[in-house]
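Novice: my questions concern the predicted model and sequence given below.
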Amino acid sequence: MALIQVREAGPAVQVHLSAEDARRLAASEIVEVRPGPTGGMWIVRAGNKVGAARIGEVELHIEPKVPVARLLFLVGYARNPKGWRNENVALTDEKGLVPALAAALWRQTDRALRPGLLQGYQVIDETSPILRGRLRETAQLSRRAGLALPLEIRHDEYTVDIPENRILATAVDRMLAVPGIGAESRRMLRHLAGRFVGVVRLRAGLPAPMWRPSRLNDRLVVALRLAELVLAGASVEAGRGGVVSNAFLLDMWRVYEDFLSVALREAIEPVDGGTVSFQAHQHLDEARQLDLRPDILWRDASGGVGAVVDAKYKADAARGDAYQMLAYCIAYQLSRGHLVYVSGDHPPVRHLVRNAGIEIVCHALDLEAAPVDLLAQVRVLSETIIDSKAASTVALR
């Protein structure tokens with residue numbers, strides 16, 4: 001098994017791989033792969049995916065640029081802005097995203113299950129020779145017309161097979177399949193997997209069932225938040241090119257976009273009203289052939305478009321970003337548009353477009369700042385966007 005360790009958007013590394021392993025790795029599209037200076041050597045460079053994956057005979061580890069704790073905050077806040085920031089998910093001294101997440105998952109799950117598995121009532125539909133609960137009359141007539149038995153019934157059953165336990169059990173199983181977790185974490189995760197007897201695991205590719213924090217499941221909430229993060233990034237499936245991949249991978253551009261979208265919504269809506277929507281659909285041309293989907297669109301309380309914002313994790317296409325924002329401003333009749341980059345990748349700057357009266361403002365967020373400071377940055381950004389609204393709307397003819 002070849003081990004490749006790289007850093008997100010970091011320097012390339014040279015590794016010795018067979019031609020077949022190199023082909024599989026390239027087909028996965030997780031990293032860039034090209035021939036090296038000598039036969040059997042290959043140059044591997046990570047893009048903006050982070051995590052770990054096993055692809056054929058290759059084990060790949062990609063470390064994020066931002067601290068692990070900050071990355072988990074970004075992902076967690078985007079999924080639950082009101083709950084995640086108040087939860088203290090203590091990370092261990094494990095180095096790397098996957099080892100730290102695996103250790104946090106088993107520790108929080110083990111703590112949550114100390115009193116035993118949570119049980120609850122589930123509605124069960126089944127075929128039975130005896131009547132329990134009530135008869136499902138429509139099903140009985142359509143399936144058993146003219147027959148006295150068996151019966152199509154519905155009843156409540158007090159069981160451990162509830163959404164909360166399904167999420168936890170599936171996350172534990174999938175984390176076990178991810179390479180790169182520590183020996184202690186693997187042992188504890190196996191122990192925890194054996195405790196979920198009678199709990200049906202979730203099918204791959206299907207969304208996790210809904211659950212709501214309550215007095216009954218309060219002890220599970222932190223573990224469930226971590227489990228949802230695992231399910232969002234873990235996969236045991238055929239990747240691109242038919243490559244089988246056991247992985248926990250996050251697209252950092254998506255993590256950043258989701259965080260900024262939710263954080264701006266939480267900052268703008270309570271202050272100025274209106275609604276903040278994500279990936280709103282618009283067209284640039286009258287024939288509706290040229291689609292536009294800005295990341296973030298704010299409509300004020302009157303329903304008018306107050307601002308359009310795009311999250312940009314990388315500045316390698318800054319010119320194209322500006323042209324894209326110009327199209328958004330024209331389509332929504334705005335004199336100002338906002339591009340939000342990661343600090344250090346693009347300096348704050350303003351571009352005044354010639355002969356158009358449109359200004360493109362580039363902002364920057366420091367993702368390495370502490371959560372409270374990062375959210376403060378977003379609040380300042382939201383105030384800038386709201387304040388610029390009065391000068392932003394124009395009547396383009």
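Specialist: Thanks, I have the structure now. Residues are numbered from 1 along each chain as shown.
Novice: ok, Gly10 to Leu220 distance?
Specialist: 37 Å (Cβ to Cβ, to the nearest Å). Heads up, the C-betas are built off the backbone N, CA and C, glycines and all.
Novice: which of these two has more residues huddled nearby?
Specialist: Leu220 (24 against 12; other Cβ atoms under 10 Å).
Novice: pretty sure the more buried one is touching Leu118, no?
Specialist: Yes. The pair Leu220 / Leu118 is scored as a contact, 6.2 Å apart, by Cβ atoms under 8 Å.
Novice: give me the common contacts of the two.
Specialist: Contact with both Leu220 and Leu118 is made by residues Glu164, according to Cβ atoms under 8 Å, 6 or more residues apart in numbering.
Novice: the nearest residue to Thr384 once chain neighbours are set aside: what's it in contact with?
Specialist: The shortest distance from Thr384 to any non-neighbouring residue, by Cβ to Cβ, 6 or more residues apart in numbering, is to His363 (7.5 Å). By Cβ under 8 Å, 6+ apart, the residues touching His363 are 338-341, 348, 381, 384.
Novice: mind doing that once more with 7 Å?
Specialist: 338, 340, 348, 381 (Cβ atoms under 7 Å, 6 or more residues apart in numbering).
Novice: can I get those in JSON lines with neighbour count and secondary structure?
Specialist: Shown next, in JSON lines, are these (neighbours: other Cβ atoms under 10 Å; DSSP: H, G, I helix; E, B strand; the rest coil):
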{"residue": "His338", "neighbour count": "27", "secondary structure": "strand"}
{"residue": "Val340", "neighbour count": "26", "secondary structure": "strand"}
{"residue": "Pro348", "neighbour count": "11", "secondary structure": "coil"}
{"residue": "Leu381", "neighbour count": "21", "secondary structure": "helix"}
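Novice: so which of these is the closest to Asp272?
Specialist: Nearest to Asp272 among the contacts of His363: Leu381, at 13.4 Å, using Cβ to Cβ.
Novice: for the spatially closest residue to that closest one that is not a sequence neighbour, pull up the helix or strand it's in.
Specialist: Nearest residue to Leu381, sequence neighbours excluded (Cβ to Cβ, 6+ apart): His363, at 5.8 Å. Taking DSSP states H and E as the criterion, His363 maps to strand 358-365.
Novice: any idea how far apart the tips of stretch 358-376 sit?
Specialist: 28 Å (Cα to Cα, to the nearest Å).
Novice: can you give me how far it is from the chain middle?
Specialist: 20 Å (Cα atoms, centre = their mean, to the nearest Å).
Novice: tell me, how many residues neighbour Val58?
Specialist: Other residues close to Val58 by other Cβ under 10 Å number 22.
Novice: now the stretch 151-300 of the chain, which segments are flagged as low pLDDT?
Specialist: 155, 235-245 (pLDDT under 70).
Novice: hey, where'd the strands end up in it?
Specialist: 151-159, 234-238, 244-251, 275-278, 282-283, 291-292, 296-299 (DSSP state E, counting those that start in this stretch).
Novice: which one of these has the most crowded surroundings?
Specialist: strand 296-299 (a mean of 22; mean count of other Cβ atoms under 10 Å).
Novice: just want the angle from the helix or strand just after that strand to strand 358-365.
Specialist: Of the helices and strands lying after strand 296-299 in sequence (DSSP H and E), the nearest is strand 305-312. Angle between the axes of strand 305-312 and strand 358-365 is 50 degrees (criterion: axes from the mean of the first three to the mean of the last three Cα atoms, to 10 degrees).
Novice: what pairs with strand 305-312, parallel or antiparallel?
Specialist: strand 296-299 (antiparallel), strand 336-342 (parallel) (DSSP bridges).
Novice: show residues contacting the shortest one.
Specialist: Pointing back at strand 296-299 there. Contacts for strand 296-299 (Cβ under 7 Å, 6+ apart): 261, 264, 268, 274-278, 280, 305-309, 385.
Novice: mind listing what's buried in stretch 143-153?
Specialist: Neighbour-count burial for stretch 143-153, with 16 or more other Cβ atoms under 10 Å as criterion, is recorded at 151-153.
Novice: now do the same end-to-end measure for it.
Specialist: 12 Å.
Novice: mind listing what the residue lying closest to Pro348 once chain neighbours are set aside touches?
Specialist: In space, and not counting its chain neighbours, Pro348 is closest to Ala364: 5.3 Å by Cβ to Cβ, 6+ apart. Ala364 makes contact with 341-343, 346-348, according to Cβ under 7 Å, 6+ apart.
Novice: could the strands paired with strand 305-312 go into JSON lines alongside distance to Leu72?
Specialist: As requested, the strands paired with strand 305-312 are exported to JSON lines (distance: least, Cβ to Cβ, whole Å):
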{"stretch": "strand 296-299", "distance to Leu72": "23"}
{"stretch": "strand 336-342", "distance to Leu72": "17"}
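Novice: how about those strands, which one is nearest Lys314?
Specialist: That would be strand 336-342 among the strands paired with strand 305-312, by Cβ to Cβ, at 7.7 Å.
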